[in-house]
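K.L.:
Just need the structure, nothing else, for what follows:
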Amino acid sequence: MTGAPIKVLAIDDEPPIRKLLRMGLATQGYEILEAPSGKVALEKLAEGPALIILDLGLPDIDGHELLRTIRSRNESIPIVVLSSRGDEAGKVKALDLGADDYITKPFGMEELLARLRAALRHQLQVQGERPVFRTGDLSVDLVRRIVKVGEREIKLSPKEYDLLRVLVQHAGKVLTHRFLLKELWDELTDAQYLRVYVRQLRQKIEADPERPQFVLTETGIGYRLRAPD
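P.N.:
Numbers count the residues shown, from 1 in each chain. Below is the predicted model of the structure:
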């Protein structure tokens, strides 16, 4: 990294986890702020972190309530949640409350770093869509509404394109079923509609729709478009 180091606020009550984060992130040039509790985390916000890693299982404040409080104070700071394996409901609730992503314990440092980079990248893109998005062989021209796989232009229905556009706008982030349904249909709440369009989109842009490389399923949560190259 160049310039001033990026500050990351790590909120976790387990010293071994905080040590892992401190050592792993420091090697990548991040500056680490540590908070073993929700109370300390709220105090540390004054130090201006650029990104937050939040463990939902804190001793003093419910993790979701802390997330809600942080989001009410700062609408744009990227927040990556640490959650236990199998807690799909907790992950969905955190994402709906404004978390940018989640990672399941135990996690590998490379996976965590990739999620942090995606969250920071997405924050930088929020101000304006890139004219052309690329990941692997897939390219999406958001201005001319042209979708290509390699040199082959892909014809999408209006709803398929809308789905892909929303995924592109949040590339690298997991989007919940609820979020996508609200973005695409306003009133529809049945995730089956969404699955139909995801299946149709995969048929058109994936080399093997049964083993997708671009539109990835997050089981029980939603979907994630592969991050841009």
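K.L.:
For residue 209, grab the count of nearby residues.
P.N.:
15 (other CB atoms under 10 Å). Placement of C-beta: from N, CA and C, glycine included.
K.L.:
Enumerate every residue touching it.
P.N.:
The contact partners of residue 209, by CB atoms under 8 Å, 6 or more residues apart in numbering, come to 199, 202-203.
K.L.:
again, but for residue 174
P.N.:
Contacts for residue 174 were tallied using CB under 8 Å, 6+ apart; they are 95, 101-102, 218, 221-224.
K.L.:
In helices, which of the residues you listed fall?
P.N.:
If you go by DSSP state H, the contacts of residue 174 have residue 95 in helices.
K.L.:
now the most centrally placed residue in the chain: how far from residue 65?
P.N.:
Computing the C-alpha centroid of the chain and ranking residues by CA atoms, centre = their mean puts residue 173 first, at 2.7 Å. Shown here: residue 173 relative to residue 65, a distance of 23 Å by CB to CB, to the nearest Å.
K.L.:
CA atoms only for the helix or strand hosting residue 194, dumped as CSV, please.
P.N.:
Counting by DSSP states H and E, the element that carries residue 194 is helix 191-205. Once non-C-alpha atoms are left out, helix 191-205 reads as follows in CSV (Å, rounded to 0.1, in the frame of the first residue of the first chain):
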residue,chain,number,x,y,z
ALA,A,191,-37.5,-16.0,-3.9
GLN,A,192,-38.6,-18.5,-6.5
TYR,A,193,-39.0,-15.6,-9.0
LEU,A,194,-35.4,-14.7,-8.4
ARG,A,195,-34.1,-18.2,-8.8
VAL,A,196,-35.9,-18.5,-12.2
TYR,A,197,-34.1,-15.3,-13.5
VAL,A,198,-30.7,-16.3,-12.0
ARG,A,199,-31.1,-19.7,-13.8
GLN,A,200,-31.9,-18.0,-17.1
LEU,A,201,-29.0,-15.5,-16.7
ARG,A,202,-26.6,-18.4,-16.0
GLN,A,203,-27.8,-20.3,-19.1
LYS,A,204,-26.7,-17.3,-21.1
ILE,A,205,-23.5,-16.1,-19.6
